[in-house]
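Trainee: Kindly return the folded structure for what I paste below:
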Amino acid sequence: KAHATMASEPTPSSEARRYPDVLSVPFDMTFSATGEAFGIRKGDPDAINYFNNWINTYSRNGWLKERNDYWFKSIDWQDQVAEK
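Mentor: Numbers count the residues shown, from 1 in each chain. Model (predicted):
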């Protein structure tokens, strides 16, 4: 009988929403954060500027948080994804 387990989001929160009588996520924030990245050609200041401005713009206007909340903190998207 397991009393605790760890997994990367959104699995723990999603499963806790599906089975609230059995599972819970006892933390308000993630246990461990990871950095996500993608590669660009070295020495390409235009690309760096473009991506930095895009990230700053969509962080400031709340769009990135909205997308994160939609995909990782809700199940509103599930009817758009085919089950295996």
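Trainee: chain center to the helix or strand of the chain with the lowest mean pLDDT, what's the gap?
Mentor: Taking mean pLDDT, DSSP states H and E as the measure, the chain has helix 11-18 as its least confident helix or strand, at a mean of 86. Remark: helix 11-18 is offset 13 Å from the chain centroid, using C-alpha atoms, centre = their mean, to the nearest Å.
Trainee: Packing partners of that helix?
Mentor: Here helix 11-18 touches no other helix or strand, going by 3 or more C-beta pairs under 8 Å, 6 or more residues apart in numbering; DSSP states H and E. Any C-beta I mention is one placed from the backbone N, CA and C, and that applies to glycine too.
Trainee: Just the CA atoms of the helix or strand that that helix is followed by, as CSV, please.
Mentor: Downstream of helix 11-18, the next assigned helix or strand under DSSP states H and E is helix 45-60. C-alpha atoms of helix 45-60 as CSV (Å, rounded to 0.1, in the frame of the first residue of the first chain):
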residue,chain,number,x,y,z
PRO,A,45,21.2,38.2,-31.9
ASP,A,46,18.1,38.7,-34.0
ALA,A,47,16.7,35.3,-32.9
ILE,A,48,17.7,35.8,-29.3
ASN,A,49,16.0,39.3,-29.3
TYR,A,50,12.9,37.9,-31.0
PHE,A,51,12.4,35.0,-28.5
ASN,A,52,13.3,37.2,-25.4
ASN,A,53,10.7,39.8,-26.5
TRP,A,54,8.1,37.1,-27.2
ILE,A,55,8.6,35.6,-23.8
ASN,A,56,8.5,39.0,-22.0
THR,A,57,5.4,40.2,-23.9
TYR,A,58,3.4,37.0,-23.2
SER,A,59,4.6,36.8,-19.6
ARG,A,60,3.5,40.4,-19.0
